[in-house]
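>>> A structural model of the following input is requested.
(chains A and B)
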Amino acid sequence: MAEDKLPTRAQDFSEWYNQLVLKAQLADYAPVRGCMIVRPYGWALWENIQSALDRRFKATGHQNVAFPLLIPKSFIEKEKHHVKGFSPELAVVTIGGGEELAEPLVIRPTSETIIGHMWSKWIQSYRDLPVLMNQWNSVVRWELRTKLFLRTLEFYWQEGHTAHATREEAVEETKQMLDVYTDFAVNDAAIPVIPGAKSDAEKFAGAEVTYAIEALMGDGKALQSGTSHFLGQNFAQAFDVKYLDQNGQLQYCWTTSWGLSTRFIGAIIMVHGDDQGLVMPPKLAPTQVVIVPIYKTDEEKASVLKTAKELKAQLVKANLRVTLDEREGFSPGWKFNDWEMRGVPVRVELGPRDVAKQAAMLARRDKPGREGKFSASLADLPATIEKLLAEIHQSLFDKALAFRRANTHETLNYDDFKKAVETGFAFAFWCGSGDCEASIKEETRATMRCIPLDPDAVLGHGSASGSGACVYCGKPAAHRAIFGRAY
RNA sequence: CGGGGCGUAGCGCAGCCUGGUAGCGCGCCUGCCUUGGGCGCAGGAGGUCCCGAGUUCAAAUCUCGGCGCCCCGACCA
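Okay, the predicted model is just below:
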């Protein structure tokens, strides 16, 4: 239920976020520290994210699979970077059926190892390749500091895993899936992202190259919203994943993995949300249209509800996700606020006056108050609403992109850089050295978010120059990189 | 793991210092009234005061021990 008002984002962004997640009933705290219960409204959003991604995965030839939750501990230890990266955050099972286990099992933090193990059995010939798999599951990483959706001990995600005959093909796959994530973020979630490569310090434990989509949240902090890894032959060698090529030569496979998690829900909240609450991107919104009936007398109620039900049927037929709010005992005004807090893109207000003239009042969530309200005739409401949803999607994206650009500064010296990361992204030349990166992190709390694949798209206009000096050490720069404080 | 805060009705909190009938707001239930931007009135239900031990005639309150959660920091493909 909606009760008191939220703190504003300006007052306390973190508290705004926490309260919103609880009040909008997206999720709740579990009895175990750091764990999250995803409630129906949050899960419905996740299901829409899943289907938007899943159809893209299928369209690019991937098949879904299910690998087990428990992995022999020794598997994790086979790839040296992987074990180093993950061992501090593993949950380990040492007792089963009341007996101490001969070999401890870990709860998967990700499935590269067990998949590699099985691939070594399944893959023998170049004819078996490529292998293109994905699984929807949850994983566990024992994080110290948690926050609903953004970082929890257990989280839901998809992990794609592929094996290829050549380096080129695997690199191609890695980039293709990064494109899939970008396309999803932009076209379904209305979130502008910067696709780019991670530094060695920030990449996945065991990857040769990690790519990510980075988004800027409403408080100026960065959120890595999806990742795609080129794993080289690291896991293939560790798990002996080999195939016989056309020339009868035994070769190691080249593998990739890529994932996007319920963390993305955090991005949706923090990119689009406002002081009234959530703002759902229309294509992912669990409810796209809410109908709020208004009446005083029983006769009015009967006639309004009859029309409302017909209207709902009409909208459902047009493939819209519709909720008719028939709850008794709540005033229309209360319902308006409630659905606004939950971020429903379009509200239809239907009262006796509207029924009389075969019309309804429409209100769009992205334009608060009178400005976003107008009357539309019932006859062509499905078409009107479909058009409106498309407009809302576009305006959410435009607004988010404008915000990101306004808070992304091309910085040529360290003073400007320090100022820029206070409020958003700094776009700066970087020599590529891990020492500079570490010093920057130490001094500014900002990390290297990514080296954009398309640097010119970052600012949306031509930038100062194509080459320059490292913003920290002044040596000739190898890269132009995005820095920011991150979640 | 360091620093801070907190644990009392479903939620948010007061009471604790100075021991003596467990309270307020919201929510919930019933009825009436209202409903086009978070209505109102009346009545009602709901408590192992985080757990354990101690002091005391008497503990939510004092003492000791434990557990848990939140925030900040460290840490975090």
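>>> List the buried residues for the longest helix along chain A?
Determined from DSSP state H, the single longest helix within chain A is helix A:381-406. Buried residues in helix A:381-406, counting neighbours by 16 or more other CB atoms under 10 Å, are found at A:381-382, A:384-386, A:388-389, A:392-393, A:396-397, A:399-401, A:403-405. Every C-beta, even on glycine, is put in place using the N, C-alpha and C of the backbone.
>>> RNA strand B next: which of those are close?
Among the buried residues of helix A:381-406, no residue lies close to RNA strand B (CB under 7 Å from any atom of the strand).
>>> The helix or strand containing residue A:51 vs RNA strand B: in contact?
Secondary structure from DSSP states H and E places residue A:51 in helix A:40-59. No - contact of helix A:40-59 with RNA strand B (CB under 7 Å from any atom of the strand) is absent, the minimum separation being 14.7 Å.
>>> repeat for stretch A:447-456
No - counting by CB under 7 Å from any atom of the strand, RNA strand B has no neighbours in stretch A:447-456; the shortest distance is 7.8 Å.
>>> returning to what we had before: so for the helix holding residue A:51, what's the average pLDDT?
For helix A:40-59, mean pLDDT rounds to 96.
>>> can you check stretch A:344-353 too?
Here the average pLDDT along stretch A:344-353 is 96.
>>> for RNA strand B, what are the nearby residues on the stretch 151-300 of chain A?
A:151, A:198, A:202-205, A:207, A:210, A:224, A:227, A:259, A:261, A:276, A:294-296.
>>> Grab the nearest non-local neighbour of residue A:340.
residue A:276 (4.9 Å; CB to CB, 6 or more residues apart in numbering).
>>> check contacts around the one you found.
Residue A:276 makes contacts with A:6, A:337, A:340, A:341, A:368, as judged by CB atoms under 8 Å, 6 or more residues apart in numbering.
>>> Repeat that for residue A:218.
A:9, A:13, A:270, A:271, A:273, A:403.
>>> And it, what's its pLDDT?
Predicted confidence (pLDDT) for residue A:218: 92.
>>> From residue A:146, how far out is it?
21 Å (CB to CB, to the nearest Å).
>>> Can you tell me which of the contacts of residue A:276 is nearest residue A:246?
residue A:341 (60.7 Å; CB to CB).
>>> Surely the closest one and residue A:23 touch.
Yes - counting by CB atoms under 8 Å, residue A:341 does reach residue A:23; the two are 6.4 Å apart.
>>> how close does residue A:327 get to RNA strand B?
9 Å (CB to the nearest atom of the strand, to the nearest Å).
>>> Would you agree that residue is in contact with residue A:335?
Yes - the pair residue A:327 and residue A:335 passes the contact test of CB under 8 Å, sitting 7.2 Å apart.
>>> In terms of neighbours, single out the busier of the two.
residue A:335 (19 against 11; other CB atoms under 10 Å).
>>> Next one, pLDDT for the closest residue to residue A:103 other than its chain neighbours please.
Sequence neighbours aside, residue A:72 is the residue nearest to residue A:103 in space, at 5.6 Å (criterion: CB to CB, 6+ apart). The model reports residue A:72 with a pLDDT of 93.
>>> Tell me, how many residues neighbour residue A:72?
16.
>>> what separates it from residue A:107, distance-wise?
12 Å.
>>> picking that back up, wouldn't the residue nearest to residue A:103 be in contact with residue A:108 here?
No - shown here, residue A:72 and residue A:108 do not form a contact pair, counting by CB under 8 Å, at 11.0 Å.
>>> what touches both of these two?
By CB under 8 Å, 6+ apart, no residue touches both residue A:72 and residue A:108.
>>> quick one: contacts for residue A:421?
Per CB under 8 Å, 6+ apart, neighbours of residue A:421: A:444, A:445, A:446, A:483, A:484, A:485.
>>> Return the residue of chain A that is most distant from the centre.
Most distant residue from the mean C-alpha position of chain A: residue A:299, 46.9 Å away (CA atoms, centre = their mean).
>>> element containing that one, please.
helix A:298-317.
>>> again with residue A:269
helix A:263-272.
>>> quick one on the thing from earlier: for the helix holding residue A:299, which residues meet the burial criterion?
A:300, A:301, A:303, A:304, A:305, A:307, A:308, A:311, A:312, A:315.
>>> Could you do stretch A:43-50 as well?
Within stretch A:43-50, the residues scored as buried using 16+ other CB under 10 Å are A:43, A:44, A:45, A:46, A:48, A:49, A:50.
>>> Quick one: residues contacting the closest residue to the third one other than its chain neighbours.
Closest residue to residue A:45 in three dimensions, ignoring its sequence neighbours and counting by CB to CB, 6+ apart: residue A:286, at 5.5 Å. In this structure, residue A:286 makes contact with A:41, A:44, A:45, A:48, A:280, A:321, judged by CB under 8 Å, 6+ apart.
>>> tally of neighbours for the nearest residue to the last one once chain neighbours are set aside?
In space, not counting the residues next to it along the chain, residue A:321 is nearest to residue A:288; the distance is 4.6 Å by CB to CB, 6+ apart. The criterion is other CB under 10 Å. On that basis, residue A:288 has 23 neighbouring residues.
>>> need the helices for the stretch 351-487 of chain A, in chain order.
Taking DSSP state H, counting those that start in this stretch, the helices of the stretch 351-487 of chain A run over residues A:352-356, A:381-406, A:414-423, A:434-444, A:456-459.
>>> thinking again about what came up before, could you pull up the mean pLDDT of the helix holding residue A:269?
94.
>>> Kindly report the same for stretch A:460-467.
68.
>>> try stretch A:395-402
97.
>>> Could you do stretch A:357-370 as well?
Stretch A:357-370 comes out at a mean pLDDT of 91.
>>> What residues sit buried inside it?
Quick answer for stretch A:357-370 (16+ other CB under 10 Å): A:359, A:360, A:361, A:362, A:363, A:364, A:365, A:366.
>>> what residues are up against the first one?
In other words, residue A:359. A:375, A:376, A:377, A:378.
>>> roughly how far is the longest helix of chain A from the heart of the chain?
Centroid separation for helix A:381-406 versus its chain: 18 Å, with CA atoms, centre = their mean, to the nearest Å.
>>> Residue A:176 and RNA strand B, how far apart?
From residue A:176 to RNA strand B the distance is 19 Å (CB to the nearest atom of the strand).
>>> in what helix or strand does the spatially closest residue to residue A:235 that is not a sequence neighbour lie?
The spatial neighbour of residue A:235 that comes closest, neighbours along the chain excluded (CB to CB, 6+ apart), is residue A:116 at 4.6 Å. Using DSSP H and E, residue A:116 falls within helix A:112-122.
>>> Buried residues of that helix, list them for me.
Quick answer for helix A:112-122 (16+ other CB under 10 Å): A:112, A:113, A:114, A:115, A:116, A:117, A:118, A:119, A:120.
>>> which of the residues you listed lies closest to RNA strand B?
residue A:112 (9.8 Å; CB to the nearest atom of the strand).
>>> list the contacts for that closest one?
A:79, A:82, A:161, A:206, A:231, A:235, A:255, A:257.
>>> ok, these vs residue A:347, which is closest?
Of the contacts of residue A:112, the one sitting nearest to residue A:347 (CB to CB) turns out to be residue A:257, at 41.4 Å.
>>> My reading is that the closest one is in a helix; is that accurate?
No - read with DSSP: H, G, I helix; E, B strand; the rest coil, residue A:257 is strand and lies in no helix.
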